[in-house]
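Novice: just coords:
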């Protein structure tokens with residue numbers, strides 16, 4: 001891995017929360033980042049992805065919006081460590097076309 005910031009931050013968060021809870025901590029369930037990922041391609045990658053939520057209402061044939069929401073969520077991989085700025089030397093990066101107004 002390009003850096004060990006995620007390990008350091010997870011360890012610091014775990015310690016801080018344990019210190020705050022103190023003797024009220026009876027049994028440990030789990031501790032760590034949500035959205036952990038295993039990337040099978042070559043190179044360094046961030047061990048965590050960001051979830052991007054996108055919800056919308058489809059247009060009916062009559063032009064009115066549907067009553068139920070449609071989910072079109074995705075995950076975004078980081079190219080740089082958000083803590084120290086070190087670049088991850090992972091897979092090829094592709095530009096994503098952005099439409100006007102989004």
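Specialist: Arrived safely, thanks for sending. What you see is a predicted model, and the numbers here were worked out from it, not measured in a lab.
Novice: helices and strands of this structure: which one bottoms out on pLDDT?
Specialist: strand 74-77 (a mean of 87; mean pLDDT, DSSP states H and E).
Novice: quick one: that one to chain centroid distance?
Specialist: 6 Å (C-alpha atoms, centre = their mean, to the nearest Å).
Novice: run through who's touching it.
Specialist: By C-beta atoms under 8 Å, 6 or more residues apart in numbering, the surrounding residues in contact with strand 74-77 are 35, 37, 39, 45, 46, 49, 50, 51, 52, 54, 90. Glycine gets a C-beta too; all of them are placed from N, C-alpha and C.
Novice: quick check, the last one in contact with residue 41.
Specialist: Yes. Distance between residue 90 and residue 41: 6.7 Å, which falls inside the contact criterion (C-beta atoms under 8 Å).
Novice: if we can go back for a sec, of the contacts of strand 74-77, which is the most crowded?
Specialist: Ranked by neighbour count under the definition other C-beta atoms under 10 Å, the contacts of strand 74-77 are headed by residue 46 with 24 neighbours.
Novice: who touches the residue nearest to that one when sequence neighbours are not counted in this structure?
Specialist: Among residues not flanking residue 46 along the chain, residue 78 sits closest, at 4.1 Å (C-beta to C-beta, 6 or more residues apart in numbering). By C-beta under 8 Å, 6+ apart, the contact list for residue 78 reads 46, 48, 49, 50, 88.
Novice: hmm, try it at 10 Å
Specialist: 45, 46, 47, 48, 49, 50, 88, 90 (C-beta atoms under 10 Å, 6 or more residues apart in numbering).
Novice: for residue 47, which non-adjacent residue is spatially closest?
Specialist: Excluding the flanking residues, the one nearest residue 47 by C-beta to C-beta, 6+ apart is residue 6, at 5.2 Å.
Novice: how many neighbours does the one you found have?
Specialist: For residue 6, the neighbour count with other C-beta under 10 Å is 18.
Novice: list the buried residues of the strand or helix carrying it.
Specialist: Assigned by DSSP states H and E, residue 6 belongs to helix 5-21. Buried residues in helix 5-21, counted by 16 or more other C-beta atoms under 10 Å: 5, 6.
Novice: great, nothing more from me.
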